[in-house]
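need coordinates for the below:
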Amino acid sequence: ISLGLVGSEMCIRDRCSQEKHWQPKQIPDTAGHDLAGVKLSVENSIGVKALARTCRPYLVEDTFLTMRPEKRHRLSLNSNSNYVECCQQPEYYKDQKKWLCGRFTRSFYFTLAQRMNHSQLDPAWIGKTFDDFLFRPQKGIASTRSHIPLTSTLTPSLSLELPIVSSNMDSVTGRKMAETMALEGGLGVIHRGQSIEKQTLTVERVKRSHSAIIENPLCLPLHATIGEARTFARQHNINGILIETTPGSNILAGVLTRRDIPWQRESDQRPVEEFMTPFDELKTAPRLVSADDADRIMFEGRIERLPLVDTDRQIQGLITRKDLRFLRERPYASKDSKGRLLVAAAIGCTGDYIERADQLAGAGVDCFFVDIAHGHSVVLENAIESLKTRFPEIPLISGNVATGEGARFMQTLGADGVKVGVGPGRGCRTRLETSAGIPQLQAIREVWCAVGGEMSIMADGGIRYDKDIFLALACGADTVMLGSALSGTDEAPGRVI
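Numbering: from 1, shown residues only. As a prediction, this is how the structure comes out:
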């Protein structure tokens, strides 16, 4: 629906604060700026939710609707008429001395939802990057910085307490970095510079590292040897193994911990049954045990692991003291609905990217990152369409782009977030080899002018100091991605020489 159609249906009267009379204005095709700042987003098939960012009053079909800054309004879509009724708490309008509500035509609503949040890039931003700005000090109102929330949107279904994402580079994000970032409230993106099997295994290990309940704990059968148990524990980086009666039976026979495994290699051929704690001596609990009860049972028994079983000894899960401590001490950690750490993974746009995505989805990955050097391309378009068709439930962040047109391109394809930055990073050679790119703050601001508030924006590259994170967020980014700033840390992959 075009603005021209809206203009032919209705008239907006805009009152300037300096004038005492109303000036009727017809909405032309290019007058999106007349109502710039009013943002509507679809909530469901019969309703919308509006966040008003302006305090200018509007007369819509002879009915006033006063928009207040940061005030949420609820609008209901009447399926039996051509109007969107305003069901907000009515505002008392002094000039009229009565309470007033608003009414929009359907076409006007949809045009607002698509166009009214877009604004033009101020020429002052052109050519600007991080070192071109300083923040002008003002009077502080916060008693302590620790009380300032940093929660930011990653995708419509995922949010981060710390708006920092570690880059999907082989020198930045492996298992340890992904775990650390999630524990601190951020997110790690496992790089794709490895085999599908290795990347999938890394995602599985991150998901298993911390959780409220380990739903499918790793098991070994009774006839396994101590040598096999030793190798199994080292391979999966675990300290305790549940022992089942036969392979695949899922019937708990006992528990074998590292303290039960002898140091002497002479015992490697002996069965684990001789060293494990048998079921009759174990402390167990039902599947729906509360965290407090689980903590009490483990303290009373002075144990580190609590198997969850049903009346038939079928294994239902596992709780560890480490995980309970994690829930208490790190409430801000990035967790999924099951209490497991969030982890993302990068996939490509060609070759085996569908197979890679399928394996990662099976491992429980929380978000796909589809990024190439030039995201505003047909190659990425085809990839996103395929991924959205096959994995509609997994959020997808795509990129990289550096223009408003590129961001709108991503939005049209259905991406849940967009990565902004072409060549600003210290380790990136895109600008050196192709001379393509836009100064990073200009790119962030241009993308915000195009899709700000409609999809999440991730600033990727060019951040060298802490203040650059602030500038990126202040200029429109929801999160930032760090690469070289995190490489070389203790959590990054590689060896210390």
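
can you show me the helices along this structure?
3-9, 106-115, 175-183, 196-209, 226-236, 291-301, 321-329, 353-363, 378-390, 404-413, 430-434, 440-451, 466-474 (DSSP state H).

among those helices, which comes closest to residue 490?
Residue 490 sits nearest to helix 175-183 of all the helices of the chain, at 8.2 Å, using C-beta to C-beta. No exception for glycine: its C-beta is placed from N, CA and C like everyone else's.

point out where the chain drops to low pLDDT.
The model of the chain has pLDDT under 70 over residues 1-119.

determine which residue lies closest to the centroid of it.
By C-alpha atoms, centre = their mean, the mean C-alpha position of the chain lies nearest to residue 154, the distance being 3.2 Å.

list the contacts for that residue?
By C-beta atoms under 8 Å, 6 or more residues apart in numbering, the contact list for residue 154 reads 160, 165, 187, 367, 395, 397, 417, 456, 458, 478-479.

repeat the analysis, applying 7 Å as the threshold.
160, 187, 417, 456, 479 (C-beta atoms under 7 Å, 6 or more residues apart in numbering).

from the residues you listed, which is closest to residue 349?
residue 417 (16.5 Å).

partners of that closest one in the sheet?
residue 397, residue 456 (DSSP bridges).

my read: it touches residue 399, true?
No - applying C-beta atoms under 7 Å, one finds residue 417 not in contact with residue 399, separated by 8.4 Å.

more crowded one of those two?
residue 399 (29 against 25; other C-beta atoms under 10 Å).

from residue 487, how far out is the more buried one?
For residue 399, the distance to residue 487 equals 20 Å [C-beta to C-beta, to the nearest Å].

and if you look at residue 359?
26 Å.

in space, what's closest to residue 170 - neighbours in sequence excluded?
Take residue 170 and drop its neighbours on the chain: the residue closest to it by C-beta to C-beta, 6 or more residues apart in numbering is residue 193, 4.3 Å away.

let me redo that: residue 416
Nearest to residue 416 is residue 155, by C-beta to C-beta, 6+ apart, at 3.9 Å.

swap in residue 190?
The nearest residue in space to residue 190 (C-beta to C-beta, 6+ apart) is residue 345, at 4.5 Å.

next, count neighbours for the residue nearest to residue 126 when sequence neighbours are not counted.
On the basis of C-beta to C-beta, 6+ apart, the spatially nearest residue to residue 126 that is not a chain neighbour turns out to be residue 442, at 5.8 Å. Using other C-beta under 10 Å, residue 442 has 20 neighbouring residues.

again, but for residue 169
Residue 169 - counted by other C-beta under 10 Å - has 21 other residues nearby.

end to end, how far does stretch 448-455 reach?
Length of stretch 448-455, first residue to last, C-alpha to C-alpha, to the nearest Å: 9 Å.

er, stretch 154-167 I mean
Terminal-residue distance, stretch 154-167 (C-alpha to C-alpha): 14 Å.

got the buried residues for that stretch?
154-155, 158-167 (16 or more other C-beta atoms under 10 Å).

reformat those as a markdown table; add distance to residue 219.
Supplementary listing: the buried residues of stretch 154-167 in a markdown table, determined by distance: C-beta to C-beta, whole Å:
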| residue | distance to residue 219 |
| --- | --- |
| 154 | 34 |
| 155 | 34 |
| 158 | 31 |
| 159 | 35 |
| 160 | 34 |
| 161 | 34 |
| 162 | 35 |
| 163 | 39 |
| 164 | 37 |
| 165 | 34 |
| 166 | 32 |
| 167 | 36 |
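
relative to residue 410, which of these is nearest.
Looking across the buried residues of stretch 154-167 and measuring by C-beta to C-beta, the closest to residue 410 is residue 155, at 12.5 Å.

next, count neighbours for residue 403.
Considering only other C-beta under 10 Å, residue 403 is surrounded by 18 other residues.

so it touches residue 446, yeah?
Yes - between residue 403 and residue 446 there is a contact under C-beta under 7 Å: 6.1 Å.

what's the neighbour count on residue 329?
Neighbours of residue 329 using other C-beta under 10 Å come to 10.

and residue 186, what are its phi and psi?
phi -100, psi -150 (degrees, to the nearest 10).

start at 26 instead
Yep, numbering from 26; the last one is residue 211 now.

distance of it relative to residue 511?
10 Å.

quick one: contacts for residue 367?
Counted by C-beta under 7 Å, 6+ apart, residue 367 has contacts 183, 207, 212, 359-361, 391.

quick check: closest non-adjacent residue to it.
Spatially, and ignoring its direct neighbours in sequence, residue 367 is nearest to residue 359 (4.1 Å; C-beta to C-beta, 6+ apart).

any idea how far residue 429 is from the one you found?
29 Å.

what's the answer for residue 183, then?
24 Å.

give me the residues contacting stretch 246-261.
243, 245, 264, 266, 268-272, 278, 281, 283, 286-287, 292-298, 300.
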